[in-house]
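Peer 1: attaching a predicted model along with its sequence, questions to come.
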Amino acid sequence: MAELSLKSRATKGMFWTATEKIFLQAGQFVIGIVLARLLMPEDFGLIGMLSIFIAISQTFIESGMGSGLIQKKNIKDVDYSTVFVFNLIVSTAFYLLLFFTAPLIADFYKMPQLVLLTRILALNIIINALVIVQRSKLKIALDFKSLAVTNVISVLVGGAFALIFAYWGWGVWALVIQTIVGSVVSVALLWAFAGAGLSMKFSSESFKALFGFGSKLLISGLYGQLFNNLYNIVIGKTYSASELGFYTRSKAFAEMTSGTVTNILYQVTYPILASLQDDKERIILIYRQLIRMTTFFVFPAMTLLALLSDPIIRVLLTDKWAGVIILLQWMCFARIFYPISVINMNILNAVGRSDLYLKVDLSKLPLMILALVITLPLGVKAMVIGHVVVSFISFFINAYMPGKIFGYGGWQQLRDMFSIIIATICMSFIVWISMLFIKVLILKLITGVVVAIISYLYISYLLRLPELDEIKVLLLKIKSKYVQR
C-alpha cells in the first residue's frame, strides 16, 4: 500500500513538475525572444558579468541546508527556524559585501555602469533567502503543484515587467527589473502556500547536524558555480560584452532543453530517492529507469536543436544574433550528458553520501581548468568545444561512485543508452537530408521539427524501445483520470 502511495505521489509530482517546466520554458522562451529583439547583446553581457558574484553569494546562503532539510528523517520546527535565521543573516552580510565592493567589480571590467547595477541586482540575494525553507517544506511534502504555480506566475509577471521597460527603452535595467519583480512575487506566493510563520529561534545543535550534511554540498556548489560562471568572467574581461552576450544566449538556448529535464528530475527524484535510501533494490530500479527515460528525451532534443540552430536564431532573434549560431551548435553537445550526470550525482545525496558527492565534483576541477587554459587564447568557439570534451569525460567521472555502490557505472549506462543513440543518429540523418534543398528558413525549421518527431518515434518503434510503452501507459493513466472527472 505504501509502495502504491509513493508511486502515485511520484507520478503526480513528475506530472506537475513537467507541466510547470513546459509552461515555464514556453513563457521564458517567448519573453526571452522578445527581449532579445528589443535589447542588444551588450545588455545581456552586462548581466552575465555579474552572474558569478550573485551565484556564489546564493550558494553560500543556501549552504546545502535546504537539501539537508529534505534529507533529514525526523525534522522539527526548530530545524526550519534555524535554517531561516541562518539564511537571513548570511544573505544580509553578502549583500553588504557586494554593495561596498561594487566599484571594484566595475573597475575590473572597466564598466562604470556596473556599480549601480550590482547594488540593485544584489537585492535579489536577500529576497531569495526568504523562501529557501518554504521551498524545502513543499518538496518534503511532495507538493509540486504549489511550486509549479509559484514558479510559472513569478516568471510571467517578472517577464511582463521586463517587456514593458524594455519597450520604454530602459535597456539592461529591464533585465534587472525582471529578476527583482519575479523574486518578490515568488516570495509572496511561497509564503502563502507554505506559510510565513517562522520563529527566529536558532539551535546550534540543529545547525551542526544540517550544516554537517550541507557543508559538502556548499563546497561542491561553490566550485560548481565558480566554474559555471568563470567563463562569463573570462569572456567579459578578455573579449567584449557582445561576445559574452552571444555566449550567454547560446547557453540559455541549450539549457532550455537539458536544463528543463534536469530540473524536473532533481526536484522530483531527490525527495523520492531520499525516502527510499534504505531500500537498495528499489533505488537501483528507479535509477536505471531514470537514466534511460532521460536519454530518450534529451539526446534527440539536443541533437535536433543543434541541427536547427541556424533557422532558429535567424528567425527568432534576427541576424544581429548570428554570432550565437555556431556557439549553440557546440553547446548542445556540451550539455547533452548533463541531465544524466545530475542523476548520477543526485543519487549520492539521496542516500546521504554528500561526502562522495563532494569528492567526485572536486575530482573534475583539474580537467576543467586545463580545458579553460588551453582554449582561452583560441576564442569563444574553442572554449565551448572544450565544454564538449569536458562534459563527456565528466560523465564517466560522475558515474564512477554510483557504479561502485550500485553496480551501474558509466559503461553499463552507455550500454543501456545504445539503442537510443542509434535512433537519434538515424533521426539526425533523415532531418539533415530533408532540409538540404529547402532555402526558406521558416519552412526549414518547420520541416526539421516535423520530420524529427515522426522519424524518431518510428525508429524507436522499430527498435522496440521500452520507453515508448512507458509513455503510453502514463498518457493512458492521465487520460483515464480526467475522463473520470
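Peer 2: That came through, no problem.
Peer 1: please enumerate the strands of this protein.
Peer 2: Applying DSSP state E to the chain gives no strands.
Peer 1: what about it, any weak spots by pLDDT?
Peer 2: 1-18, 20-21, 61-68, 70-73, 196-199, 212-221, 223-224, 259-281, 349-355, 473-485 (pLDDT under 70).
Peer 1: swap in 50 and give it another go.
Peer 2: Applying pLDDT under 50 to the chain flags the ranges 1-4.
Peer 1: looking at it, which residue lies furthest from center?
Peer 2: Phe437 (36.1 Å; CA atoms, centre = their mean).
Peer 1: ok, that residue to Leu307 distance?
Peer 2: 15 Å (CB to CB, to the nearest Å). All C-beta spots, glycine's among them, are computed from the backbone N, C-alpha and C.
Peer 1: phi, psi of the residue farthest from the centre of the chain?
Peer 2: Main-chain torsions, Phe437, degrees, to the nearest 10: phi -110, psi 10.
Peer 1: tell me how this structure divides into domains.
Peer 2: As assigned by automatic domain parsing, the chain contains the domains 1-238, 240-485.
Peer 1: what's the neighbour count on Gly448?
Peer 2: The local packing of Gly448 (other CB atoms under 10 Å) involves 20 other residues.
Peer 1: these two touch, right, it and Val431?
Peer 2: Yes: between Gly448 and Val431 there is a contact under CB atoms under 8 Å: 5.3 Å.
Peer 1: give me the common contacts of these two.
Peer 2: 304, 307 (CB atoms under 8 Å, 6 or more residues apart in numbering).
Peer 1: just give me the neighbour total for Ile438.
Peer 2: 15.
Peer 1: need the contact list for it.
Peer 2: If you count contacts by CB under 8 Å, 6+ apart, Ile438 has them with 444, 447.
Peer 1: list the backbone torsions phi and psi for it.
Peer 2: Dihedral angles (degrees, to the nearest 10) for Ile438: phi -100, psi 120.
Peer 1: distance check, it against Phe29.
Peer 2: 23 Å.
Peer 1: quick one, helices of the stretch 101-250 of the chain?
Peer 2: 114-121, 123-129, 132-140, 144-167, 172-194, 204-238, 241-275 (DSSP state H, counting those that start in this stretch).
Peer 1: cool, and the stretch 351-485 of the chain?
Peer 2: Under the criterion DSSP H, counting those that start in this stretch, helices of the stretch 351-485 of the chain are mapped to 354-363, 365-375, 380-406, 410-435, 441-462, 466-484.
Peer 1: got the contact list for the fifth one?
Peer 2: To tie it back to what came earlier, the one meant is helix 441-462. Outside helix 441-462, the residues within contact range by CB under 8 Å, 6+ apart are 296, 300, 304, 307-308, 310-312, 314-315, 420, 422-424, 426-427, 430-431, 434-435, 438, 467-468.
Peer 1: residues in contact with the residue nearest to Glu255 when sequence neighbours are not counted?
Peer 2: In this structure, Glu255 finds its nearest non-sequential neighbour in Arg335, 6.3 Å apart by CB to CB, 6 or more residues apart in numbering. Under the criterion of CB under 8 Å, 6+ apart, the neighbours of Arg335 are 254-255, 257-259, 302, 391.
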